[in-house]
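In: I would like to see how this sequence folds:
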Amino acid sequence: MKTTLTTGLTLAAMLLGTAALSHPLDGLTGDEIRRTTEILRAAGEADENTLYPLIELKEPPKDQVLAWKEGDTLDRRVIVDYATPEGFSRAIVNLTQGSVEETAPTEGQPMVLFGEFMKAMQVALSDDRMIAGLEKRGVTPDQAFCLPLTAGNFLTPEYDGKRLMKVPCYKAPSGSSNWYAKPLEGLYAMVDLQKGEVVDVIDEGAIPAPEDDWGYTEAEIAERAPLRPAANAARLAQEGGPNYTIENGVVNWDIWRFRWRTDKRPGLVLSNVDVRDGEEWRSVLYQAHLSEVFVPYMDPSEGWYWRTYMDSGEYGFGLFLTPLRKNVDCPSYATFLPAVINDDAGNPMEIPDAVCIFERDIGDPAWRHFEVFEQGPDKFVPAEGRPETELVIRTASEVGNYDYLIDYRFKQNGAIYIMVGASGLDAVKGVASTSMDDPTAADDTRYGSLIAPHLVAPNHDHYFNFRMDFDVDQPANMASTLDIVPAENLPGDVPRKSMWQVNEVMADSELTARYTFSAFKPRYFHVMNGDRKGPLGHNPAYMIHHGNVAYGPYDFENDPPFKRNRYLEYSLWNTVYDPDQRYAGGTFAMQSDGSDTLAQWVEDDQSLHNADIVSWFTAGFHHIPRVEDWPVMSTEWKTIHLMPMNFFAMNPAATIRLPADDEAALPVDAAAAAVDTPEEAGAAMDENAPPAEAASEAAADAVPESADTTAEPDAAVSGAPAAAPETDAAGDDPAGDDLDAALDAAIGETNAPADQGSGSAPPVPKPAQ
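Out: Residues are numbered from 1 along each chain as shown. I've put the predicted structure just below:
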């Protein structure tokens, strides 16, 4: 290992002045990426031809970040993976000092370089054996589209230490949008990327490529099936502009604030996630980001068994971020922001519109309650409630044939929804069958589904592991489960025989804090602050709600892909914070052997008592393909819910204001006028009447005949408890005969103005600031 190689550049003086301008967790700028490679070259560690799989921020120690204040200076350090004649090395570059602090050979294979895809394709298509295989299938090299894919690691001695990709091919589309519809099944090459040569070619025999292009653009679909009738777009809009601000890398909205950046491997990274509780900003998460994505296919054939991709660690969700499209990926009024990562040559590369941020009224109530006992024969009290608005920060990465959307959705009730949306195209293999009635169909579909003539989509899984560094009010937290168990010692005189109670079980150490989920053993998981108490004596906590999980008959000891991804054995893990442990599948995922993974880290079994806890959650699903997945898949969303538990003194969503244009908040005349035009509302009013008179007529028509429009404001509207109805000597309610009819009429009047019987209404609230 080499350490502290100081360059002769004058960068240090320049950077000392700029370091104070950046937050320690801000992503690297384009200038910082350039300076990183300049420092390496000046130190003799690189030259103009050096290639860089990864250049990313090396975060400062957590205690220094938490103590940092605007104006403070912390050294900016960078992690660099770069190619050398012997293989790959990792360096730590200090931008502030202009020095290379350390270098060492990597302990595994870094992410795939973009140029390696092109190289593997060219090498494969130049091999005589591949050319002969293509000719057998009626295709020339210039008619083929070959897709280099990571080969996995099956512990084959002859491949040990080699950097490999496997290359299957397709008949290239001619004018079609679908590049994957015509697989040249049974033919692929194994390419050694470092030597630039084909190691092996497998040809299992030709299967004719399908003839159908299966394009998915609107024009291509219109040739296959009639499009739906033209419709009015149900668009979201925000005429007054956003209620969030983005300043110096901080997003501030409603009760939330957080920092964001994009890294080349995980993509979107959120840091310093705080929630406002009254006048106090309280920390929830120090950081959250995607840790790994594992997609194993379940077809044991020679051309498919090795397809066990680690999409984040091998390919990079940041590298494959795509520009987001207005009115498709995000509303037109969203804020679109670029991502800056490094290209293969170590230059900054900007991906435009890679991140979008927007808020939306999702059309659901954040909460509501209609109180039947507030109603009366002379009044209608509408449901009390508030519309739900959420803030979304989103990215989309295209990894091969799949598109993945990553959302962090911030809720007004203090919850955070981490959402993964899977879309794109199914991976398909060519088969002889055109129908399930064909004699070959049973064998062709043993490990997949026939989704089009000559095309089977193999069964597979998707697993998404997220790293969530909780800091509930402080770094030192505790983890526990709330287990739902049969109630004990029920009173003998109670006829109930099956009830449940909650047992809280503290997690003592890392090995005891690994959990699987079962509907037959319900439990909730939370990370809590043991040093603080709320007004009722509770320890504030955030709960990890189950989300979407999946399990399978996996052998984590003997099946290499699952040994490499052994974090799947449990859906939730908890570890003590270590800045070098960011990725559950290991620092170097490509062709890894499972020796540097989350499953290995917990063998230290560190205590979780008042520790800085990091939670690792894997959401996932089994994908049994269906005809409806072709030619393009509908977006399938999977979730992880983070919810406050005894964190606030009350429901934080209770303080949401009614919108200024809410009918229940408008004066009677304005509300009635807002319902519809007189003709649309069916109101019998004089077209020449002044607006106020017309509104009064509409309001009068909506009031039940028995209503007293001269009554004083009633207790229900003012917020005081409603008085109990008077009863006669027999105990009957004299208004009872009219109550049901009045309620039926009131409930039916869904567009009725508020407080019809009182002659007054609450003032119109101002919009929330």
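
In: CA only for contacts and neighbour counts going forward, please
Out: Will do.

In: just list whatever residues bridge to residue 201.
Out: residue 189 (DSSP bridges).

In: residues in contact with it?
Out: Applying CA atoms under 8 Å, 6 or more residues apart in numbering to residue 201 gives the contacts 129, 130, 187, 188, 189, 190.

In: likewise residue 574?
Out: 479, 510, 513, 514, 613, 614, 615, 616.

In: mind running it again at 10 Å?
Out: By CA atoms under 10 Å, 6 or more residues apart in numbering, the residues touching residue 574 are 467-469, 478-479, 507, 509-515, 527, 598, 602, 608, 612-617.

In: now, of those, which are buried?
Out: 467-469, 478-479, 507, 509-511, 513-515, 527, 598, 602, 608, 612-617 (16 or more other CA atoms under 10 Å).

In: these in helices, which ones?
Out: Counting by DSSP state H, the part of the buried ones among the contacts of residue 574 found in helices is residue 598.

In: number of nearby residues for residue 623?
Out: Residues lying near residue 623 (other CA atoms under 10 Å) number 15.

In: got the confidence number for it?
Out: What the model reports for residue 623 is a pLDDT of 98.

In: measure it to residue 422 for me?
Out: 11 Å (CA to CA, to the nearest Å).

In: mutual contacts of these two, please.
Out: residue 462.

In: need the contact list for residue 524.
Out: With CA under 10 Å, 6+ apart, residue 524 has these contacts: 480, 481, 482, 483, 484, 502, 504, 517, 543, 544, 545, 546.

In: quick one: buried ones out of those residues?
Out: Buried among the contacts of residue 524 by 16+ other CA under 10 Å: 480, 481, 482, 483, 484, 517, 543, 544, 545, 546.

In: so who does the first one touch?
Out: Going by CA under 10 Å, 6+ apart, residue 480 touches 504-508, 513, 524-528, 541, 543, 608.

In: go again using 7 Å as the cut-off
Out: By CA atoms under 7 Å, 6 or more residues apart in numbering, residue 480 lies in contact with 504, 505, 506, 507, 525, 526, 527.

In: so how far is residue 571 from the closest residue to it other than its chain neighbours?
Out: Once flanking residues are discounted, residue 480 sits nearest to residue 506: 4.2 Å by CA to CA, 6 or more residues apart in numbering. Distance, residue 506 to residue 571, using CA to CA: 18 Å.

In: the more surrounded of those two?
Out: Per other CA under 10 Å, whichever of residue 506 and residue 571 has more neighbours is residue 571, with 21 against 16.

In: which pLDDT value goes with residue 671?
Out: 44.

In: should've said residue 163
Out: pLDDT recorded at residue 163 is 97.

In: same question for residue 742.
Out: 43.

In: name the helices or strands packed onto the helix or strand residue 292 falls within?
Out: Element membership for residue 292, per DSSP states H and E: strand 280-296. With contacts taken as 3 or more CA pairs under 7 Å, 6 or more residues apart in numbering; DSSP states H and E, strand 280-296 sits against strand 267-277, strand 308-310, strand 460-470.

In: got the residue ranges for the helices in the protein?
Out: Along the chain, the stretches classed as helices by DSSP H are 11-19, 30-42, 62-67, 114-125, 128-136, 218-224, 441-444, 560-564, 598-601, 668-675, 678-681, 691-702, 715-718, 736-748.

In: which of those helices has the lowest mean pLDDT?
Out: Looking over those, mean pLDDT reaches its minimum on helix 715-718, with a mean of 34.

In: let's see the distance spanning stretch 250-270 from one end to the other.
Out: By CA to CA, the extent of stretch 250-270 from end to end equals 10 Å.

In: return the member of the buried ones among the contacts of residue 524 nearest to residue 654.
Out: Checking the buried ones among the contacts of residue 524 against residue 654 by CA to CA gives residue 543 as the nearest, at 19.9 Å.

In: kindly provide the distance from the closest one to residue 534.
Out: Residue 543 is 16 Å from residue 534, by CA to CA.

In: follow-up on the earlier one: the contacts of residue 480 in strands, which ones?
Out: Here DSSP state E is the test, and the contacts of residue 480 give 504, 505, 506, 525, 526, 527 as lying in strands.

In: the last one and residue 548: what is the separation?
Out: Between residue 527 and residue 548 the distance, using CA to CA, works out to 19 Å.

In: pull the longest strand seen in the chain out as CSV, backbone CA atoms only.
Out: As assigned by DSSP E, the longest strand anywhere in the chain is strand 348-369. Output of strand 348-369 as CSV, limited to C-alpha atoms (Å, rounded to 0.1, in the frame of the first residue of the first chain):
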residue,chain,number,x,y,z
PRO,A,348,-17.4,14.2,-15.5
MET,A,349,-20.5,13.0,-17.3
GLU,A,350,-23.8,14.8,-16.7
ILE,A,351,-27.1,12.9,-17.1
PRO,A,352,-29.8,15.6,-17.7
ASP,A,353,-33.1,15.3,-15.9
ALA,A,354,-31.9,12.3,-13.9
VAL,A,355,-33.8,13.2,-10.8
CYS,A,356,-37.2,14.7,-10.4
ILE,A,357,-38.8,16.2,-7.3
PHE,A,358,-42.5,17.0,-7.1
GLU,A,359,-45.4,17.2,-4.7
ARG,A,360,-48.8,15.9,-5.5
ASP,A,361,-52.3,15.6,-4.1
ILE,A,362,-52.8,11.9,-4.5
GLY,A,363,-56.6,12.1,-4.3
ASP,A,364,-56.9,10.3,-1.0
PRO,A,365,-57.7,11.7,2.4
ALA,A,366,-54.8,12.0,4.8
TRP,A,367,-57.5,11.4,7.4
ARG,A,368,-61.3,11.8,7.7
HIS,A,369,-64.2,11.2,9.9
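
In: what sits closest to residue 555 if chain neighbours are left out?
Out: Spatially, and ignoring its direct neighbours in sequence, residue 555 is nearest to residue 562 (6.8 Å; CA to CA, 6+ apart).

In: next: residue 28.
Out: Distances taken as CA to CA, 6+ apart place residue 57 nearest to residue 28, at 6.2 Å, with adjacent residues excluded.
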